[in-house]
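> return a 3D structure for these sequence lines:
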Amino acid sequence: MHKVLREDVALALHVQQGEGPHVVFQHGLCGDAGQPSDVFPRDCAVRHVVLDCRGHGESEAGPLDALSIATFTDDLAAAIEGHGIAPCIIGGISMGAAMSLRLACMRPDLVNGLVLARPAWGCETAPANMRPNLEVGEILSRDERPDERDKFLASGTGRRLAKEAPDNLASLSGFFDRKPRDVTAALLTRISRDGPGVTEAQVASLDMPVLVIGHEADVVHPMALALHLAGLIPGARLAEIPPKVSDKAGYLAAFRRELGRFITETHHA
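All right, here's what the predicted structure looks like:
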């Protein structure tokens, strides 16, 4: 693990040992390096790189009012340049996909392939699908109450997710235990109200290999958004995989297979 210092904030950069080109594949909101590592292909001769964003994993949070997708993306660009690994394939899950989309639009010199996995953002700020995360963040912003999780689970949002996307609900329920509470609250509220800060025209002008991965039974990461992004980007390939909630083994196998295929094809193009 390497330390990256950005604006007096110490960030953790994880670089897989071994040989081969680097592939940056980022975690989602309130995740850490373990999340993308779980779905990263095991049989590709590449080195996985992931930056713990501010307030995630082993990275410091820094000023809470600086937490944003733009800040995280600037941190990632600095880490990539500082370690001399550009251009490379860049992608991520959910928030990591939003960061990667922004980076590809703003700094295409750093990117030679793009992976948008289970995207939660297109070009919109504060999309409706992020509202459940915002609701939990707003609860955590208040004084702690012993019944706060139970009340959320019994709310309209909780009941809807229990029926339509239980895996989303499990993640949201886990946020009530995440520490520090103030950092988690700031991440959930600030990032849920944020966006990648790019336009559909910018996204439609991307000129690089692109893979979009999505699945059904996911309210926070709607399959319709994956379809929209894949249709917007010229030449993008859409891979629909089994939902994690109903077939975790199939989800992992398909995710690794599609990501591995994209990495291999991009490096041999």
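> so which residue is dead centre in this protein?
Gly96 (2.5 Å; CA atoms, centre = their mean).
> chain neighbours aside, what residue packs nearest to that one?
Gln26 (3.0 Å; CB to CB, 6 or more residues apart in numbering). Where you see a C-beta, it was placed from the backbone N, CA and C, and this is true even at glycine.
> burial count for that neighbour?
31 (other CB atoms under 10 Å).
> could I get the full set of helices for the stretch 151-269 of the chain?
Assigned by DSSP state H, counting those that start in this stretch, the helices in the stretch 151-269 of the chain fall at 156-164, 166-175, 181-192, 200-204, 223-232, 248-267.
> ok, the residue nearest to Gly96 - contacts?
Going by CB atoms under 8 Å, 6 or more residues apart in numbering, Gln26 touches 36, 50-51, 53, 76, 90-93, 95-97, 99-100.
> before we move on, what about Asp167?
Asp167 neighbours (CB under 8 Å, 6+ apart): Ala217, Asp218, Pro243, Lys244, Val245.
> what's the neighbour count on Arg118?
By other CB under 10 Å, the residues close to Arg118 number 25.
> for the residue nearest to the centre of the chain, give me its contacts.
When contacts are counted by CB under 8 Å, 6+ apart, Gly96 touches Phe25, Gln26, His27, Gly28, Pro36, Ala117.
> I'd like the next helix or strand past the helix or strand harbouring the first one.
Counting by DSSP states H and E, the element that carries Phe25 is strand 22-26. In the C-terminal direction, the helix or strand that comes right after strand 22-26 (DSSP H and E) is helix 34-39.
> what's near enough to touch Glu164?
Glu164 touches Ala217, Val219, counting by CB under 8 Å, 6+ apart.
> Leu103 now?
With CB under 8 Å, 6+ apart, Leu103 has these contacts: Thr73, Leu76, Ala77, Ile90, Leu110, Val111.
> that one: which element?
In the assignment (DSSP H and E), Leu103 maps to helix 95-106.
> and the angle from that helix to strand 22-26?
120 degrees (axes from the mean of the first three to the mean of the last three CA atoms, to 10 degrees).
> Leu67 and Gly57, how far apart?
In this view, Leu67 and Gly57 are 14 Å apart by CB to CB, to the nearest Å.
> about what we covered before: let's have the helices of the stretch 151-269 of the chain in JSON lines, adding distance to Arg6 and mean pLDDT.
What follows is the helices of the stretch 151-269 of the chain, written out as JSON lines (distance: least, CB to CB, whole Å; pLDDT from 0 to 100):
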{"stretch": "helix 156-164", "distance to Arg6": "35", "mean pLDDT": "98"}
{"stretch": "helix 166-175", "distance to Arg6": "25", "mean pLDDT": "98"}
{"stretch": "helix 181-192", "distance to Arg6": "17", "mean pLDDT": "99"}
{"stretch": "helix 200-204", "distance to Arg6": "24", "mean pLDDT": "99"}
{"stretch": "helix 223-232", "distance to Arg6": "28", "mean pLDDT": "99"}
{"stretch": "helix 248-267", "distance to Arg6": "27", "mean pLDDT": "98"}
